[in-house]
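K.L.:
Generate a structure from the sequence data that follows.
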Amino acid sequence: MTMTAVPPTRATARGAGTFPVTAAATRRSLRAVFRSPALLITPFAQSLFFLLVYAGQLGDVGSSYLDDQSFIAFLLPLIVLTGVATGAGAAGTMTLGDITSGYLDRLRMAHGTATPFLAGTLIATLVAVSVQALLTTGGAMLVGYRPTGWAETFAMVGLMLVLGLAVALFSIAVAVHTVSSSTTGLVPLAFFGLSFFTGVFAPVEELSGWMQAIATVNPLTYIIDTARELESGTVPSAGPVAVGLLLVLVVAGLISCALALHRARRRR
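P.N.:
Residues are numbered from 1 along each chain as shown. Predicted coordinates:
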């Protein structure tokens, strides 16, 4: 009896090669991030700048109404959030560069899909944002921050990185959909701006008037409050709400990317 070898289908071959392609795309994107200091250093420098200014000018005032928590510990989750949101926008910036140069289209034609390459950009961005968040935390320690415990600090940073994942996904989706640098840049800017309509320098209940009303309905308020409670070692009262909001944002980001890729394929 003779046996005839059946060649693998295109889908099978594509599936088998997804991981190596994603790994190669991740290495390429990591090199791009660390060779472009502005993508990593700018958000880090911005975070340290705000941390130094706010802690230096308002530290004594803040400590008068924060009970046992230091003002810099209260402030740090917000600073990490703004840095992560800004840094995660690098995913859209790198994707836009690959689109405008035609690089992404050539890869898509060669491999049948652009998804592994976008996944590589996403992973590299999250690695860079993680490094940035840890450096920001280290910088905070140099100016007086004392962690309640390393587990608590890493839990706070981890929560912010999930938000960074959502920002990066939306940034990639907008870059693919619009192919516009100005529009892509609005994604991290929107999250950055929303962060200032939370309890920035005081708990939400200490705010007054329209600011308290906006902060109460602002989704980032619950994420920041949960991060602050995690950092302080207490059980987050808004934890389920924050986790639910983060899941909604990540899923919405994934759906946005899928729709943007589908529309981009139809245009070609």
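
K.L.:
Nearest to the spatial middle of this structure, which residue is it?
P.N.:
The chain has Gly164 as the residue nearest its centroid, 1.3 Å off, counting by Cα atoms, centre = their mean.

K.L.:
Where does it sit: helix, strand or coil?
P.N.:
Three-state assignment for Gly164 (DSSP: H, G, I helix; E, B strand; the rest coil): helix.

K.L.:
pLDDT below threshold where in this protein?
P.N.:
For the chain, applying pLDDT under 70 flags the ranges 1-17, 37-39, 62-64, 110-112, 267-268.

K.L.:
Contacts only, for the residue nearest to the centre of the chain.
P.N.:
By Cβ atoms under 8 Å, 6 or more residues apart in numbering, the residues touching Gly164 are Val84, Ala85, Gly87, Ala88, Thr125, Leu126, Val129, Ala133. For glycine as for every other residue, the C-beta is placed from the backbone atoms N, C-alpha and C.

K.L.:
same thing with Met94?
P.N.:
Ser29, Ala32, Val33, Leu39, Thr121, Ala124, Thr125.

K.L.:
So which of the residues you listed is the closest to Thr234?
P.N.:
Thr125 (31.1 Å; Cβ to Cβ).

K.L.:
Verify the contact between that closest one and Thr95 for me.
P.N.:
No. Here Thr125 does not reach Thr95: they are 9.6 Å apart, not a contact under Cβ atoms under 8 Å.

K.L.:
The residue nearest to Ala202 when sequence neighbours are not counted and Thr183: what is the separation?
P.N.:
Once flanking residues are discounted, Ala202 sits nearest to Tyr65: 6.6 Å by Cβ to Cβ, 6 or more residues apart in numbering. Distance, Tyr65 to Thr183, by Cβ to Cβ, to the nearest Å: 40 Å.

K.L.:
What is the host helix or strand of Leu247 packed up against?
P.N.:
Leu247 is part of helix 239-267, with elements assigned from DSSP states H and E. Packing partners of helix 239-267 (3 or more Cβ pairs under 8 Å, 6 or more residues apart in numbering; DSSP states H and E): helix 115-142, helix 150-178, helix 219-232.

K.L.:
hmm, try it at 6 Å
P.N.:
helix 150-178, helix 219-232 (3 or more Cβ pairs under 6 Å, 6 or more residues apart in numbering; DSSP states H and E).

K.L.:
number of nearby residues for the closest residue to Ala140 other than its chain neighbours?
P.N.:
Excluding its sequence neighbours, the residue lying closest to Ala140 (Cβ to Cβ, 6+ apart) is Leu76, at 5.3 Å. By the measure other Cβ atoms under 10 Å, the count of residues near Leu76 is 26.

K.L.:
Leu76 is in contact with Met141, isn't it?
P.N.:
No. With contact defined as Cβ atoms under 6 Å, Leu76 does not count as touching Met141 (9.8 Å).

K.L.:
can you put the helices and strands packed on helix 239-267 in CSV and add distance to Ala213?
P.N.:
Listed next are the helices and strands packed on helix 239-267 as CSV, based on distance: least, Cβ to Cβ, whole Å:
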stretch, distance to Ala213
helix 150-178, 23
helix 219-232, 11
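
K.L.:
To Ala24, which of those helices lies closest?
P.N.:
Short answer: helix 150-178, nearest of these by Cβ to Cβ, at 18.0 Å.

K.L.:
Kindly calculate the angle that that closest one makes with helix 115-142.
P.N.:
Interaxial angle of helix 150-178 relative to helix 115-142 (axes from the mean of the first three to the mean of the last three Cα atoms, to 10 degrees): 140 degrees.

K.L.:
what comes up buried for helix 150-178?
P.N.:
Buried residues in helix 150-178, counted by 16 or more other Cβ atoms under 10 Å: 152-157, 159-177.

K.L.:
Repeat that for stretch 176-191.
P.N.:
Buried residues in stretch 176-191, counting neighbours by 16+ other Cβ under 10 Å, are found at Val176, His177, Thr184, Gly185, Leu186, Val187, Pro188, Phe191.

K.L.:
Wait, the last one touches Val84, no?
P.N.:
No. The pair Phe191 and Val84 fails to qualify as a contact (Cβ under 6 Å) at a distance of 8.8 Å.

K.L.:
how many neighbours does Gly92 have?
P.N.:
Residues near Gly92, counting by other Cβ under 10 Å: 29.
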